[in-house]
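[1] sequence below, structure please.
(2 chains)
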Amino acid sequence: MEDIPTVKLRGLTGPQLEALSRKRVWSLKPHELLAIRNYFKKQRRDPTGAEMETLAQTWSEHCKHKTFTSPIVYREGKKRRRIKNLLAETIMKATREVKTSLCLSVFKDNAGVIAFDKDWALAYKVETHNHPCAIEPYGGAQTGVGGVIRDILGAGRGAKPILNTDVFCFASPDLNQNLPEGVLHPRRILKSVVAGVRDYGNRMGIPTAGGALWFDPGYVYNPLVFCGSLGLLPRKAVEKKVCVGDRIVAVGGRTGRDGIHGATFSSEALDVSSDVSAVQIGHAIAQKKMLDVLLQARDGGFYRSVTDCGAGGFSSAIGELAASCGARVYLEKALLKYEGLKPWEIWLSESQERMVLAVPSEKVRKILDLFSSEDVEAVVLGEFTSTGRLEVFYAGQPIVNLEMKFLHHGLPRKEQSATWSPPKKSNKPQSLGSKLQARVRLYQNLSDWNTCSREWIIRQYDHEVQGATLVKPLQGQDGPGDACVLWPLGAMLSQESRVKNRESEARDSQLTTRNSQLSYRGIAVAHGINPEYGKKDPAAMAEACVDEALRNLVCVGADLDQSALLDNFCWGDTSDPRQMGYLVRAALGCYRAAKIFKVPFISGKDSLNNVYQDSLGNRHSIPGTLLISAVGIVPDVRRALTMNFKGPGNSVYLVGETKMLAVPRVQVSARDVMRALSHAIQGGWVLSCHDLSEGGLAVTLSEMAFAGGYGVEIHLKDENMLFSEDLTRFLVEVSPEKEEKFARAMKGCVFSRLGVTLATPVVRVRGAGGDCILEEPLADLKAAWQKPFMNLMEPKKQSYEAQNSYS
Amino acid sequence: MKPKILILKAAGTNCDAETALAFHLLEACPIRAHINKFFSGRDSMLRYDILVLPGGFSYGDDVAAGKILANQLRSFREFGEFVDSGRPVLGICNGFQVLVKTGVLPESPSKRQTATLTFNDSGKFECRWVKLKTNRSSPCLFTKGLPEFIELPIAHGEGKFVAESDQVLENLRVAGGVALQYEGFNPNGSVESIAGITNSRGNCLGLMPHPERFLTPWHHPSRKQDPVGLEFFRNALEYVK
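    Reported below is the predicted structural model:
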């Protein structure tokens, strides 16, 4: 046994510390290094290598979100504002002020948890996996999906994942430009990331039925990959705790040398030397096996708490679980993929498909037997103690002995500065121009990478596994759905008879004997993303994203008052005060929108330093990007809606006000509009509904028409309305006999009848004078919309099979 | 007597919950059990009346889809006895792949594998609803009484049915073994648009489409069609009643 190496930290100066930090990939900031050095000076010893690694991982931007939680001095023009904690003063503040009984566990567990019904809860989490996907897109995407699924398995005492979502931001896949060494072409990244999400999600048996795509040249060096997962758990399993004396049990995959330094790696800028070995290797079936047994163990009451091994591996998982008590760990007990790992490597490894449980000592035998009955490895690594210390041994030798207090609360905070100067341009309406331009612009919009059909991707994901996807991502004749709707009855059945307890038996038999009283409660999930607005005003971007995500929920029949939001900030170089100013501004926008809609944030994550340093030393930041994910309860899935026109002779209404702002903002009336429409949909007075987003009315009209196979004719008072992107607007199809009820439900809101659906397959728009300003056949519009991906990915194909014609 | 239904699980099985839901909606109570339970002798397949091999990626579809589970089952006496006893056996998607690779389907005197399900012509995994034609002269107990044309979703990367020889296809045709064919659009390039096959007794059906994903009218893309998927399970329950 070799001696445990120590790091001679106490004698080092600031610059020497920084050099060492760079060499060892600790990613620690100068003031943090000094705090650590001073701490060990007081302890009268030097830290071990493993202690330094533990601190570096725990204090990394990835794990601690330092930027969002450290003080900021924010300047906007002449105004100056001190922000102590950006997260607490914007996003979390909104949740606190919205006050809803929906939230069961927010901003503390591995995922945000809201109520589904009186017995069940939903856990939702969205994470990014950007750096790994930049250098190894297939593996990076797989572990991105795998990691967020484990967050759901580790939410409360474990939730069953019932939906995966994926959102990508790439440069255009038809990019024609020479790229520097080490930078992968966006087309290659897109194909590999889709394959990774597909192979992991499909094998896990979790439908991937929601997502978004955004293309911008700014992502060429730093692609963004967001992976989300939604889980269902009994409300009784939301609370988790660790008791002194509980055993630390590691389950799932074995530990290897893959993914060392993932947390610190992802907190740094990328460059040509970025190391592929920092990316973990995923194995979906190993995780599926673990999932199956874990949920049985949960229902059997075999453990008290659980968390996943993500960034930082055992060090973070055990460090977190034991934060309020203490832990003693015997690393030699860990099961290894192969021999030769150093103790600190076992401690830090980010090998996938592993979870850590807190098991009462009398249940240890039972849980080990249960896991082995389905060929899943489980091993006792140590126990939770009352010492307030994290003590790690390897073959009798101590390799870590840290105070929990220092580990979790010793991080020194540093003030950051942020500035924002409003753009000079006024918020003027755009004008349309001639008739020819309307036509050209519509076709351009339909074929835009940010609008066009994503069918090539969607069909590769099994979006209907678990048999719960009642509203699918492609609707009617392959039109673009606003959101998916799930009916999670199957997921409520208990896992297996083996550990069935009385409660779960009663639950199951309720399903069988009371079919006539089945619950038709469902869930909708949607997204909002638009970095383009962020270039003009990040606050407007945040509002637009919240609006879009909630709009999409309302379209399919969700209840706005039972909806919740998640935020994911992906930013560039936040050491630049201007970038930091953008970030503050976006967070303020989130607060304003959440307050207007009275919808809480329940979870969030940030990925900063999405910067690429080229060989000349130039730093390229991504456009500040905010993803808003929304989850809402659908009171009755039988009333859920799809976006395709349902037949000829129905009235077409525009709901919401068109102000023709260049940078749209959420109006105070937005909540009332959405609630009224929500009510009309739940009342059953609407046939189809689709929101207006990028490309405005013209695109929405075309999509609803070609998805339904029915034409439409509308009259506009002002032709400029065709392309305006104002928020909180919907196009709605109502049958003549329901119009009165619909109008009554919408009373007090801005809405107007634009026209009527037709049997003729054509989109016709008439202007103020009654003259036709647009008349296009549906086939042409649809072809334009489907063309970009088809030409790129399946150039031999002439058109997509038209075998799916449902109305 | 309530029928005993076994939904067999292995590592990577993932359509067991919705398959169980199908039976639950018909007021039956299926058991979802891991295959190790039978290998270790803690339970016996022969105790059950209906066996379902649900969809998923058994053992990650390593080697080839369903191959490893098929090898395990082929050498497992109870499984062979169950099939031979004439009790209903339903293999959905990955379960179909398993039945083909065990040599149970298509039926052959030597009980060896005479066909396969291989990569889709499109070269990729595809999830979509398809139109199907049922064979009304097939002895298949699961498709009894179904309309001639039905719709179900598919979701697979290896669903192209290919037979070893024309003789195998001819035997299938003669015995009414082709229970389901894709109508119009063939999503994977299957020979003769084959989507599901049965044995001569009709107790054993393997199919690529997922009947367990069409249990209510709202499962259908139009959200208003009779849930024909449920009928497969109802037929099995009727048969053993």
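[2] which pLDDT value does the model give the closest residue to chain B within the stretch 101-250 of chain A?
    Residue of the stretch 101-250 of chain A nearest chain B, by Cβ to the nearest Cβ: A:Gly205 (2.3 Å). Quick note: C-beta positions are derived from backbone N, CA and C, even for glycine. A:Gly205 carries a pLDDT score of 96 in this model.
[3] repeat that for A:Gly769.
    Value listed for A:Gly769 in the pLDDT field: 85.
[4] now it. Its backbone dihedrals?
    Backbone torsions for A:Gly769, taken as degrees, to the nearest 10, come to phi -80, psi 0.
[5] same check, this time on the one 10 residues further on
    Recorded main-chain torsions at A:Ala779 are phi -60, psi -40, according to degrees, to the nearest 10.
[6] if I pick A:Ser373, what's in contact with it?
    Counting by Cβ atoms under 8 Å, 6 or more residues apart in numbering or on different chains, A:Ser373 makes contact with A:293, A:498, B:34, B:36-37.
[7] where is pLDDT lowest across those?
    Least confident of the contacts of A:Ser373 in the model: A:Arg498, at 39.
[8] from the contacts of A:Ser373, which is closest to A:Pro664?
    Nearest to A:Pro664, judged by Cβ to Cβ, of the contacts of A:Ser373 is A:Val293 at 49.3 Å.
[9] would you pull up the residue in the stretch 351-500 of chain A closest to chain B?
    Nearest residue of the stretch 351-500 of chain A to chain B: A:Gly467, at 3.1 Å (Cβ to the nearest Cβ).
[10] tell me the pLDDT at that residue?
    Looking at A:Gly467, its pLDDT stands at 96.
[11] so what's it closest to, chain neighbours aside?
    Nearest non-adjacent residue to A:Gly467, counting by Cβ to Cβ, 6 or more residues apart in numbering or on different chains: B:Glu18, 3.1 Å away.
[12] ok, that neighbour - how many residues close by?
    28 (other Cβ atoms under 10 Å in any protein chain shown).
[13] next: B:Pro153.
    Considering only other Cβ under 10 Å, B:Pro153 is surrounded by 25 other residues.
[14] please apply the same query to B:Phe125.
    Using other Cβ under 10 Å, B:Phe125 is surrounded by 20 other residues.
[15] what's the answer for B:Pro30, then?
    B:Pro30: 26 surrounding residues under other Cβ under 10 Å.
[16] where's the residue lying closest to A:Phe302 once chain neighbours are set aside, which helix or strand?
    Residue nearest to A:Phe302 in three dimensions, not counting chain neighbours: A:Ile367, with 4.3 Å by Cβ to Cβ, 6+ apart. Here A:Ile367, judged by DSSP states H and E, is contained in helix A:364-373.
[17] which parts of that helix are buried?
    A:364, A:366-368, A:370-371, A:373 (16 or more other Cβ atoms under 10 Å in any protein chain shown).
[18] and the stretch 251-400 of chain A, which of its residues are near chain B?
    A:283-285, A:288-289, A:292, A:373-375 (Cβ under 8 Å from any Cβ of the partner chain).
[19] need the nearest residue in space to A:Val699, chain neighbours excluded.
    Per Cβ to Cβ, 6+ apart, closest to A:Val699 is A:Asn445, 5.2 Å.
[20] count of neighbours near that neighbour?
    Counted with other Cβ under 10 Å, residues neighbouring A:Asn445 total 21.
[21] just the strands in chain B please.
    Here chain B has its strands, by DSSP state E, at B:5-9, B:31-34, B:50-53, B:89-92, B:115-118, B:126-134, B:149-156, B:160-163, B:178-182, B:194-198, B:204-207.
[22] wait, the stretch 701-807 of chain A
    Under the criterion DSSP state E, counting those that start in this stretch, the stretch 701-807 of chain A contains strands at A:711-715, A:730-734, A:751-758, A:762-766, A:772-777.
[23] the stretch 551-700 of chain A too?
    Taking DSSP E, counting those that start in this stretch as the criterion, the stretch 551-700 of chain A carries its strands at A:563-570, A:601-607, A:611-613, A:619-621, A:625-634, A:651-655, A:688-691.
[24] and the stretch 51-200 of chain A, by the same measure?
    A:72-76, A:79-83, A:103-105, A:112-115, A:120-128, A:160-170.
[25] out of the ones you listed, nearest to B:Pro88?
    Per Cβ to Cβ, nearest to B:Pro88 of the strands of the stretch 51-200 of chain A: strand A:160-170, 28.4 Å.
[26] tell me which other helices or strands that closest one touches.
    helix A:137-153, helix A:186-204, strand A:208-215, strand A:224-234, helix A:284-299, strand A:484-486, strand A:522-529, strand A:625-634 (3 or more Cβ pairs under 8 Å, 6 or more residues apart in numbering or on different chains; DSSP states H and E).
[27] what strands flank the last one, and is each parallel or antiparallel?
    On the basis of DSSP bridges, the sheet neighbours of strand A:625-634 come out as strand A:522-529 (antiparallel), strand A:563-570 (antiparallel).
[28] likewise the fourth one?
    Partner strands for strand A:224-234, per DSSP bridges, with pairing direction: strand A:120-128 (antiparallel), strand A:160-170 (antiparallel).
[29] ok, and the closest non-adjacent residue to whatever residue of chain B ends up closest to chain A?
    Relative to chain A, the nearest point of chain B is B:Asn14 (2.3 Å; Cβ to the nearest Cβ). Leaving aside its sequence neighbours, B:Asn14 sits nearest to A:Gly205 (Cβ to Cβ, 6+ apart; 2.3 Å).
[30] flag the shaky bits of the stretch 201-350 of chain A, pLDDT-wise.
    A:262-279 (pLDDT under 70).
[31] surely the residue nearest to A:Phe302 is in contact with A:Ala297?
    Yes. Here A:Ile367 reaches A:Ala297: they are 5.6 Å apart, a contact under Cβ atoms under 8 Å.
[32] for ChimeraX, write the select line for the buried members of the contacts of A:Ser373.
    Command for ChimeraX, covering only those of the contacts of A:Ser373 found buried under the criterion 16+ other Cβ under 10 Å:
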select /A:293,498 /B:34,36,37
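[33] can I get the contacts of A:Ser373 in a markdown table including distance to A:Glu657?
    Listed next are the contacts of A:Ser373 as a markdown table, based on distance: Cβ to Cβ, whole Å:
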| residue | distance to A:Glu657 |
| --- | --- |
| A:Val293 | 54 |
| A:Arg498 | 58 |
| B:His34 | 58 |
| B:Asn36 | 62 |
| B:Lys37 | 62 |
